[in-house]
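Trainee: this one's structure only:
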């Protein structure tokens, strides 16, 4: 995929995400004999059976004369009412709005992607509850994103239910990509024959992880005679933020540019946790990161590689 195509896909994604934000209908307003329902209504039962205990159940309700999504977590007592997105009288689109209610207090926030979205270009999202700040009260975590071939991007929002305030997650894709690139070093160890008849060559790189450990990884076969000696690891095109125990972590895949006119081979991914700063009341990335590779190369075979 070229960078131009990737940019076009990202623009298209913004439009396609609205497919997960259907407009609400006044209850009983349909002229059809069949009752109107919200999008994903038919999947509610399956969702409620499979959702983990630290997430939310969902149902359709009428509220203020409109059909809305009602999410709730029975253990915590949290409720969310989500008014679907749509278009106003001028034809301008707007995203779903969520109202979270906890112990008699409420806050509102935009929900660009609904949790029931299936992924891909339609986006994906999750609502989770977990104490991330150590105050023994769960935070409401909204993770959402989307992408296409070769690209996945994600955002995270955290709401402190004890204070009913948002706690900033201080990161953006471009700055995180630059920061991560400085944590990982690549050095060409050698090349070897690849392909059924040896018509291609594969490069093997030595990777130095943030903790100083070294790994070896193969690129797969390419019709190249030369490979870059010390290419920078390129991050930022394939990212995921997930809940890992009692912390959020960012995993970002990295690849190398071999000059073949499209995304080069992905070599591995770096996972870094977010740490909470009580003084700043925000989350930021921790330099304690772990590195994994997709296609490990046997270190004992490195001496057999060609320079």
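Mentor: Looks like it came in fine. The shown structure was predicted, so the numbers you read here are calculated from the model rather than taken from an experiment.

Trainee: I'd say residue 192 and residue 204 touch.
Mentor: Yes. In this structure, residue 192 is within contact of residue 204 by CB atoms under 8 Å, at 6.8 Å. C-betas here are computed from N, CA, C, even on glycine.

Trainee: of those two, who's got more company?
Mentor: The neighbour comparison of residue 192 against residue 204 (other CB atoms under 10 Å) goes to residue 204, with 21 against 18.

Trainee: correct me if wrong: the more buried one contacts residue 187.
Mentor: No. Residue 204 is not in contact with residue 187 according to CB under 8 Å; the separation is 10.2 Å.

Trainee: still on that earlier bit, identify the contacts common to residue 192 and residue 204.
Mentor: Common neighbours of residue 192 and residue 204 (criterion: CB atoms under 8 Å, 6 or more residues apart in numbering): residue 305.

Trainee: contact partners of stretch 53-73?
Mentor: 24-27, 36-38, 41, 44, 47-48, 51, 74-75, 78-84, 96, 114-116, 126-130, 138, 243.

Trainee: of those residues, which belong to strands?
Mentor: Counting by DSSP state E, those place 78-83, 126-130, 243 in strands.

Trainee: lowest-confidence member of those, which is it?
Mentor: Least confident of these in the model: residue 83, at 91.

Trainee: can you give me the helices in the protein?
Mentor: Here the chain has its helices, by DSSP state H, at 3-16, 44-50, 173-181.

Trainee: least confident of these, on average?
Mentor: helix 3-16 (a mean of 32).

Trainee: neighbouring contacts of stretch 102-114?
Mentor: Stretch 102-114 is contacted from outside by 17, 20-21, 39-40, 69, 76-79, 82, 95-100, 122-125, 140, 142, 144-146, 157, 159, 161, 164-166, using CB under 8 Å, 6+ apart.

Trainee: okay, now the unreliable bits of the stretch 201-307 of the chain?
Mentor: 261-263, 303-304, 307 (pLDDT under 70).

Trainee: ok, now with 90
Mentor: 201, 221-225, 236-237, 259-264, 298-307 (pLDDT under 90).

Trainee: all strands for it, in order.
Mentor: 214-222, 239-244, 247-255, 266-277, 282-293 (DSSP state E, counting those that start in this stretch).

Trainee: just the buried residues of the third one, please?
Mentor: Of the residues in strand 247-255, those with enough neighbours to count as buried (16 or more other CB atoms under 10 Å) are 248-255.

Trainee: thought residue 131 was touching residue 140, still the case?
Mentor: No. Counting by CB under 8 Å, residue 140 does not reach residue 131; the two are 11.0 Å apart.

Trainee: ok, those two, which is more surrounded?
Mentor: Set residue 140 next to residue 131 and count neighbours by other CB under 10 Å: residue 140 wins out with 25 against 13.

Trainee: for the more buried one, which residues are in contact?
Mentor: 78, 100, 102, 127-129, 158-159, 161.

Trainee: among the residues you listed, find me the one that's closest to residue 283.
Mentor: residue 158 (6.5 Å; CB to CB).

Trainee: let's have the contacts of residue 140 in TSV, adding neighbour count.
Mentor: Shown next, in TSV, are the contacts of residue 140 (neighbours: other CB atoms under 10 Å):
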residue	neighbour count
78	20
100	21
102	20
127	24
128	21
129	21
158	23
159	20
161	21
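
Trainee: biggest separation within the buried residues of strand 247-255, which pair?
Mentor: Within the buried residues of strand 247-255, 248 and 255 form the most distant pair, 23.9 Å apart (CB to CB).
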